[in-house]
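Participant: What follows is a predicted protein model with its sequence.
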Amino acid sequence: MTHIRPAAVAVFTACATLLLAAQAAPPPQQPTEVTFTISSATPGLPPKYAVPDFVALTADAETQAAARTIGEVLWADLKFEQEFYMIARDTYRTIPPAASLDQVPLDRWRELGADAVVVGTVRKTGSGVVVQVRLVEAASGRAALSKEYSGSIANPRLYAHTISDEIHLTQRAGLKGVARTKIAFTSDRDGERMKGPVVDRGISNIYMADYDGAHPRRVTVTKSLDITPAWSPDGRAIAYTSYRSGYQDIIVSYIYEGRMAKPANGNADRQNYLPVFSPDGSKIAFTSNRDGNPEIYVMNRDGSGIRRLTTNAAIDVTPTWSPTGNQIGFTSERSGTPQIYIMNVDGSGVRRITTEWSDRATWSPAPYNEIAYAARSGGGFDVKIWDFATQSIRQITNGIGSNESPAFAPNGRHLAFTSTRAGKEQIFTISRKGDDLRQVTREGMNRYPNWSQSPQ
């Protein structure tokens, strides 16, 4: 069971938290021009998309590299949601690049079977770059989407992510893609150790990366343990469990403002851990031993109005909010082994939904109504999903390694989780159907993923 017990004797040396500087907003853009939805030439199949490298309109190496990156990342972003058949980029070699957005060799793309071609240009300016993009129907040459972005050249991936989310939104009936979201996680990748009374212990800090693992950044810097991150709904803050004071307490880092708070105001006798924001961001549910036994509590975001929700001699931990904010799921040992329970937000109506050894529940966002959790499987764990509509359970991971700590993407179509299938613990993503497994982290040991619920 993933239960974090109070530290008894360890004394940790804390150092300052490194809070991220404000991140640039997504590139400015013109209003979307959408005239129609591109369909497949073969009824019943998804449309075939081609995404060649964008064309660099200026000859400098930086612009050329940005044009290549945008094309590569955009192709991968579109493939991730599995809404389109993505034509492999290594088949593009014989097709000449577009001379301009108005001169695309569509006859050659049709020979390759493309229903749609995403073409774009990158032009350097005195203050950054201008990126233009069109989604063109190969059969007619009509543009289903035409956009222009301007901004810094420092992060060309952001242009690709923004375009991908725009295409999904306009071509797939309002589907919210996750290309601009982030995954926060715990990592020991910097290899630091802290001195203990018997043996040295590893240091784990909070990191964040793009949804695909690219562009990792360290959020906290302590010679201690910072674990179990949880995003605020607006993506501007991360709450987590920290041992930096020598005991467990909740810290909220406002990562773009350079400040942090300790809303639960813990001490050695009143420890707080496993925080999670409510869907509207106004409250935090958490576990605390402040009344002698680990129970579930809820407080306002600023730490006021603390209320105890569970009262049981067994351990109650790992709360998770329903999408409406009216219910909370949690893990409890009250039946003899850890199981997943749900209750109303006032603590009433408690009922069990699992019958096997289960922990680390996470409630899916709308439109799905599901809870993912880690269930004991052989010598390890597998990720399973409880579906409220059908009252059924399906297994998502396949028994390779030990798989724990699932976290839903903001559109509910994917999960991030921790797995040992690659050796030591790493972060992976997988679709809610159990396919499209991808490894997100590779450096160090990485655990406790949490997916931001809004674009960054």
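Facilitator: Alright, I've got the coordinates.

Participant: Distance check, the residue nearest to residue 264 when sequence neighbours are not counted against residue 359.
Facilitator: Using Cβ to Cβ, 6 or more residues apart in numbering and skipping residues adjacent in sequence, the residue nearest residue 264 is residue 272, 3.8 Å away. In short, each C-beta sits where N, CA and C put it, glycine included. According to Cβ to Cβ, to the nearest Å, residue 272 stands 19 Å off from residue 359.

Participant: and those two? which has more neighbours close in?
Facilitator: With neighbours defined as other Cβ atoms under 10 Å, residue 272 and residue 359 compare such that residue 272 has more, 28 against 25.

Participant: Could you give the bridge partners of that one?
Facilitator: As for beta bridges, residue 272 partners with residue 288 under DSSP bridges.

Participant: and what of residue 206?
Facilitator: Beta-bridge partners of residue 206, as defined by DSSP bridges: residue 186.

Participant: That one and residue 62: what is the separation?
Facilitator: Where residue 62 is concerned, residue 206 sits at a distance of 31 Å (Cβ to Cβ).

Participant: what about those two, which has more around it?
Facilitator: Neighbour totals were compared for residue 206 and residue 62, and residue 206 leads with 29 against 15 (other Cβ under 10 Å).

Participant: so the more buried one makes contact with residue 229?
Facilitator: Yes: counting by Cβ atoms under 8 Å, residue 229 is a contact partner of residue 206 at 5.0 Å.

Participant: Show me what counts as buried in the helix or strand containing residue 70.
Facilitator: Secondary structure from DSSP states H and E places residue 70 in helix 61-80. Neighbour counts over helix 61-80 (16 or more other Cβ atoms under 10 Å) mark 63-64, 66-67, 69-80 as buried.

Participant: returning to that earlier point: OK, contacts around the residue nearest to residue 264?
Facilitator: 241, 248-250, 264, 266, 286-288, 290, 297 (Cβ atoms under 8 Å, 6 or more residues apart in numbering).

Participant: again, 6 Å this time
Facilitator: By Cβ atoms under 6 Å, 6 or more residues apart in numbering, the residues touching residue 272 are 249-250, 264, 266, 286, 288.

Participant: Equivalent analysis for residue 168, please.
Facilitator: 81, 175, 177.

Participant: can you tell me the helix or strand for it?
Facilitator: Per DSSP H and E: helix 156-171 holds residue 168.

Participant: For that helix, give the mean pLDDT please.
Facilitator: Summarised as a single mean, pLDDT over helix 156-171 is 97.

Participant: contact partners of stretch 113-124?
Facilitator: Contacts for stretch 113-124 (Cβ under 6 Å, 6+ apart): 38, 40-41, 47-51, 54-58, 63, 66-67, 87, 98, 101, 104, 109, 129-136, 138.

Participant: Give the buried residues for stretch 113-128.
Facilitator: Result for stretch 113-128 [16+ other Cβ under 10 Å]: buried residues 114-122, 124.

Participant: can you check stretch 226-240 too?
Facilitator: In stretch 226-240, counting by 16+ other Cβ under 10 Å, buried: 226-233, 235-240.

Participant: Turn these into CSV, including secondary structure.
Facilitator: Shown next, in CSV, are the buried residues of stretch 226-240 (DSSP: H, G, I helix; E, B strand; the rest coil):
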residue, secondary structure
226, strand
227, strand
228, strand
229, strand
230, strand
231, strand
232, coil
233, coil
235, coil
236, coil
237, coil
238, strand
239, strand
240, strand
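
Participant: Most neighbours of all the contacts of residue 168, which one?
Facilitator: Counting by other Cβ under 10 Å, residue 177 has the largest number of neighbours within the contacts of residue 168, with 27 neighbours.

Participant: Am I right that that one sits in a helix?
Facilitator: No: counting by three-state DSSP, residue 177 is located in no helix; its state is coil.

Participant: That one contacts residue 165, doesn't it?
Facilitator: Yes: contact status for residue 177 versus residue 165: in contact at 4.2 Å, counting by Cβ atoms under 6 Å.

Participant: can I see the domain layout of the protein?
Facilitator: 33-171, 182-451 (automatic domain parsing).

Participant: how close does residue 161 get to residue 295?
Facilitator: 40 Å.

Participant: Same drill for these two, tell me which one is more crowded.
Facilitator: residue 161 (27 against 23).

Participant: and that one, what does it touch?
Facilitator: Contacts of residue 161 (Cβ under 6 Å, 6+ apart): 179-180.

Participant: centre of the chain versus stretch 175-187, how much separation?
Facilitator: 3 Å (Cα atoms, centre = their mean, to the nearest Å).

Participant: Tell me which residues are up against that stretch.
Facilitator: Contacts for stretch 175-187 (Cβ under 6 Å, 6+ apart): 77, 81, 161, 164-165, 168, 204, 207-209, 211, 227, 229, 238, 409-411, 416, 427, 444, 446-452, 455-456.

Participant: Please apply the same query to stretch 439-446.
Facilitator: Against stretch 439-446 from outside (Cβ under 6 Å, 6+ apart): 185, 187-189, 213, 424-429.

Participant: Most neighbours among the residues you listed, which one?
Facilitator: Ranking those using other Cβ under 10 Å puts residue 185 first, with 30 neighbours.

Participant: and it, what pLDDT?
Facilitator: pLDDT at residue 185 comes out at 98.

Participant: Excluding covalently adjacent residues, which one is nearest to it?
Facilitator: Closest to residue 185 by Cβ to Cβ, 6+ apart is residue 449, at 4.7 Å.

Participant: Go ahead and report the secondary structure state at the one you found.
Facilitator: Per three-state DSSP, residue 449 ends up strand.

Participant: List the contacts of it.
Facilitator: 183, 185, 407, 416, 427.

Participant: I'd like those residues as CSV, with distance to residue 218 and secondary structure appended.
Facilitator: Formatted as CSV, the contacts of residue 449 follow (distance: Cβ to Cβ, whole Å; DSSP: H, G, I helix; E, B strand; the rest coil):
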residue, distance to residue 218, secondary structure
183, 14, strand
185, 11, strand
407, 19, strand
416, 18, strand
427, 15, strand
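
Participant: The contacts of stretch 113-124 in strands, which ones?
Facilitator: Counting by DSSP state E, the part of the contacts of stretch 113-124 found in strands is 48-50, 55-56, 129-136.

Participant: What is the nearest of those residues to residue 385?
Facilitator: Nearest to residue 385 out of the ones in strands among the contacts of stretch 113-124 is residue 49 (Cβ to Cβ; 29.2 Å).

Participant: can you pull the contacts of the closest one?
Facilitator: So residue 49 contacts 84, 86, 116 (Cβ under 6 Å, 6+ apart).

Participant: closest to residue 322 among those?
Facilitator: residue 84 (31.8 Å).
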